[in-house]
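Chemist: quick one: sequence and predicted model below, then my questions.
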Amino acid sequence: MACTLHVQGFPASVTEEELVGRFAAFGTVLSVTIARTPQLLGFAEVIMSDKHEALRAIEALHRMPVYGKRLLVCEQYAVSHHQPSSAPPSTVSTLSLDTGDQQAMGVQVCVDGLPPSVTEADLRTLFSACGTVVSVEMLPTLNGQFLGIAQVEMARAEEADRAIRDLHHTKLGAHMLLVFRRNRRGAGSNRLEPHM
């Protein structure tokens, strides 16, 4: 089953081909989408053909110094067949190597920078202040260790946006949280939907 990765933290000059080369070391890359808007500089989606390959890429590349910066790489659980309503075509570039069928799920945000001791209950409590928490997924590596990344599904898009506004760059203990939106995808489209 294809697996979509959220990649953040690379320079704006990086091309789709460069990202393909970086991730192809861990498996088959189906497509790479880079958003080129002021809100989403250094943001991309990388779709790999297999979840185990994707997890190997996360394990190797997350927080590693690449292109002079530290990449943030996590799994994107949620995609939707809702057609994006913003982002003009010129602001997003896609290198598609294959066509993958993605299942629609909920409105999710990715949370990075979590302390190793955090629990699902802790995240439910934290995010419930922003709305209804549908589910929480703690992201492990292939050897079962916690990466410090979780996916939190909110019931509504407004609640996901509120969680980003209220919790991004806040601290949980001594750890600074990074909270960003799971981007929606139109059927047959690789276009990202900018937050805002």
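Modeler: Happy to help now that I have it. Residues are numbered from 1 along each chain as shown.
Chemist: could you export stretch 152-159 as PDB, CA atoms only?
Modeler: Coordinates of each C-alpha in stretch 152-159 appear next as PDB, following Å, rounded to 0.1, in the frame of the first residue of the first chain:
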ATOM      1  CA  VAL A 152      -4.100  13.900  15.700                       C
ATOM      2  CA  GLU A 153      -7.400  13.700  13.800                       C
ATOM      3  CA  MET A 154      -9.800  16.500  14.600                       C
ATOM      4  CA  ALA A 155     -13.500  16.300  13.800                       C
ATOM      5  CA  ARG A 156     -13.600  19.500  11.700                       C
ATOM      6  CA  ALA A 157     -11.200  21.600   9.600                       C
ATOM      7  CA  GLU A 158     -11.800  24.600  11.700                       C
ATOM      8  CA  GLU A 159     -10.700  22.700  14.800                       C
END
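Chemist: let's number from 867 now, not from 1
Modeler: Okay, residue one is now 867; in that scheme the one you just asked about reads as stretch 1018-1025.
Chemist: how about it: buried residues?
Modeler: Residues of stretch 1018-1025 classed as buried by neighbour count (16 or more other Cβ atoms under 10 Å): 1018-1020, 1023, 1025. For the C-beta atoms, the positions are set from N, CA and C on the backbone; glycine is no exception.
Chemist: just those residues: which are in helices?
Modeler: Among the buried residues of stretch 1018-1025, the members found in helices (DSSP state H) are 1023, 1025.
Chemist: from the buried residues of stretch 1018-1025, which two are the most distant?
Modeler: Largest separation among the buried residues of stretch 1018-1025 by Cβ to Cβ: Val1018 and Ala1023, giving 13.4 Å.
Chemist: start from the N-terminal end of this structure and give the helices.
Modeler: 882-889, 917-927, 986-994, 1023-1033.
Chemist: Leu938: which of these is closest?
Modeler: helix 917-927 (9.4 Å).
Chemist: would TSV of the helices of the chain with distance to Cys940 and mean pLDDT be doable?
Modeler: Shown next, in TSV, are the helices of the chain (distance: least, Cβ to Cβ, whole Å; pLDDT from 0 to 100):
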stretch	distance to Cys940	mean pLDDT
helix 882-889	13	90
helix 917-927	7	88
helix 986-994	14	93
helix 1023-1033	15	90
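Chemist: need the ones you listed in a markdown table with distance to Leu1005, can you?
Modeler: Listed next are the helices of the chain as a markdown table, based on distance: least, Cβ to Cβ, whole Å:
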| stretch | distance to Leu1005 |
| --- | --- |
| helix 882-889 | 17 |
| helix 917-927 | 8 |
| helix 986-994 | 12 |
| helix 1023-1033 | 17 |
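Chemist: right, so of these, which gets closest to Met867?
Modeler: Here helix 917-927 is closest among these (Cβ to Cβ), at 6.1 Å.
Chemist: the closest one packs against which elements?
Modeler: Counting contacts by 3 or more Cβ pairs under 8 Å, 6 or more residues apart in numbering; DSSP states H and E, helix 917-927 packs against strand 869-874, helix 882-889, strand 909-914, strand 938-942.
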